[in-house]
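> sequence and predicted structure are below.
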Amino acid sequence: MTLPDTRDFVGRLALGTVQFGLDYGINNAAGRPDDATVAEILNTAQAAGINLLDTAAAYGDSETRLGRWLDRGDTWPRQFEIVTKLAAGPAGVVRQALQESLARLRQPSVYGVMFHQFTGFRDQPAAWEVLREAQAAGTVQRIGMSLYHPEEAEWLLAKPMGVGLVQLPFNVFDQRFGSLLPALQQAGIEVHVRSAFLQGLLLRDPTTLPAFFAPLAPKISALRALVRDAGMPLTSLLLLFAAYAPGVSRAVIGVDTAANLRENLAAGTHAAQAEQLRPELQKLAETTTDFILPYAWPPRS
């Protein structure tokens, strides 16, 4: 492949904002950032050229905090595009939920709206029709859903039904969707990947892993050995592995501080090294789903 410049890398990023509304991530000890920190993160992202925000009605007050910032009156250099998520349900409930999300975001329209679950899309045809109507009205550009299992992507490829956007997990351990990503892209479905750091698990010191994750210590140690030998940051390698996976349009990243964001943005300078290591990283795929599906993890103590 032709290796990109850093502007191409930044254009492949979307800023996730679950941290703005909820305590999130296995390594999160500080809790939600305050308003000044949120503003600094958004200003840094905008200045760097990130142009897409990912949020959801279920992310605490994330939409409300974004709406206040977006409505501040300063539109330089441009506003962000936004993807938000809703729960599927009766048509009237979904219609109202979309209106409420737009009101919290203080936006007349958004780039994307997704259902949180594939099952909601599959089992609630009236709910899906609400999103199609919103798309036809110009309120939403792309509609879709979050995916959790490869068989859901396979179903979509067989019956696309107007889906134009999906978000799914993809990282060094969780490569279950890898072979399906190019097919989704070829079908006109824009693919956003989340969990490049597996909620921080991939960044943990293998000697301090909670007991539940102890079987992963050898793979985390091997991952650290790769970046040590390559002389590049672990965060950069993980983010580039996700952002440049064939078929991926965007990698959603979540940060707690502007410094954390700047660290992630610097990953683009290591693109060539990361691609050279991709075959080795593919060997680290984990097949035990309890380790790679955060909803199967034990509660944090």
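That came in fine, so what should we check first? Just so it is clear, the model here is predicted, and its values are computed rather than measured.

> low-confidence regions, the stretch 1-150 of the chain specifically.
Along the stretch 1-150 of the chain, the model assigns pLDDT under 70 to residues 1-5, 24-30, 73-78.

> quick check: beta-bridge partners of the closest residue to Ala243 other than its chain neighbours?
If the residues on either side of it in the chain are set aside, Ala243 comes closest to Ala251, at 4.0 Å by CB to CB, 6 or more residues apart in numbering. (C-beta placed from N, C-alpha, C; glycine too.) Note on Ala251: beta-bridge partners by DSSP bridges are Leu13, Val193.

> can you tell me the closest non-neighbouring residue to Ile41?
Ala258 (5.1 Å).

> show the contacting residues for that neighbour.
Contacts for Ala258 (CB atoms under 8 Å, 6 or more residues apart in numbering) come out as Thr37, Glu40, Ile41, Asn43, Thr44.

> hmm, the first one is touching Asn260, no?
I take that to be Thr37. No. Counting by CB atoms under 8 Å, Thr37 does not reach Asn260; the two are 10.2 Å apart.

> what about Val193, distance to Arg300?
24 Å (CB to CB, to the nearest Å).

> so for those two, which sits in the more crowded spot?
Val193 (26 against 9; other CB atoms under 10 Å).

> thought Ala242 was touching the more buried one, still the case?
Yes. With contacts counted by CB under 8 Å, Val193 reaches Ala242, the gap being 5.1 Å.

> mutual contacts of these two, please.
Contacts common to Val193 and Ala242, judged by CB under 8 Å, 6+ apart, are Phe170, Asn171, Val248, Ala251.

> mind picking the two most distant members of those?
Asn171 and Val248 (11.6 Å; CB to CB).

> what touches both of the two?
Val193, Ala242.

> of the two, who's got more company?
Asn171 (26 against 21).

> residues in contact with stretch 89-100?
57, 86-88, 113, 120, 124, 126-127, 129-131, 134, 139.

> how far away from the center of its chain is that stretch?
24 Å (CA atoms, centre = their mean, to the nearest Å).

> what do you get for stretch 232-241?
16 Å.

> what of stretch 198-216?
21 Å.

> contacts made by it with the rest, please.
Contacts of stretch 198-216 (CB under 8 Å, 6+ apart): 24-28, 169, 171-174, 197, 217-218, 220-221, 223-224, 234-235, 238, 286, 288, 291-292, 294, 297-298.

> next, the buried residues of it.
Leu198, Gln199, Leu201, Leu202, Leu203, Arg204, Pro206, Leu209, Phe213, Leu216 (16 or more other CB atoms under 10 Å).

> can I get these in a markdown table with distance to Ser109 and pLDDT?
Listed next are these as a markdown table, based on distance: CB to CB, whole Å; pLDDT from 0 to 100:
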| residue | distance to Ser109 | pLDDT |
| --- | --- | --- |
| Leu198 | 33 | 95 |
| Gln199 | 31 | 89 |
| Leu201 | 36 | 95 |
| Leu202 | 36 | 97 |
| Leu203 | 36 | 95 |
| Arg204 | 40 | 95 |
| Pro206 | 46 | 96 |
| Leu209 | 44 | 95 |
| Phe213 | 42 | 97 |
| Leu216 | 42 | 97 |
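
> where exactly do the helices run in the stretch 151-300 of the chain?
Taking DSSP state H, counting those that start in this stretch as the criterion, the stretch 151-300 of the chain contains helices spanning 181-186, 217-230, 234-243, 258-265, 271-282, 289-292.
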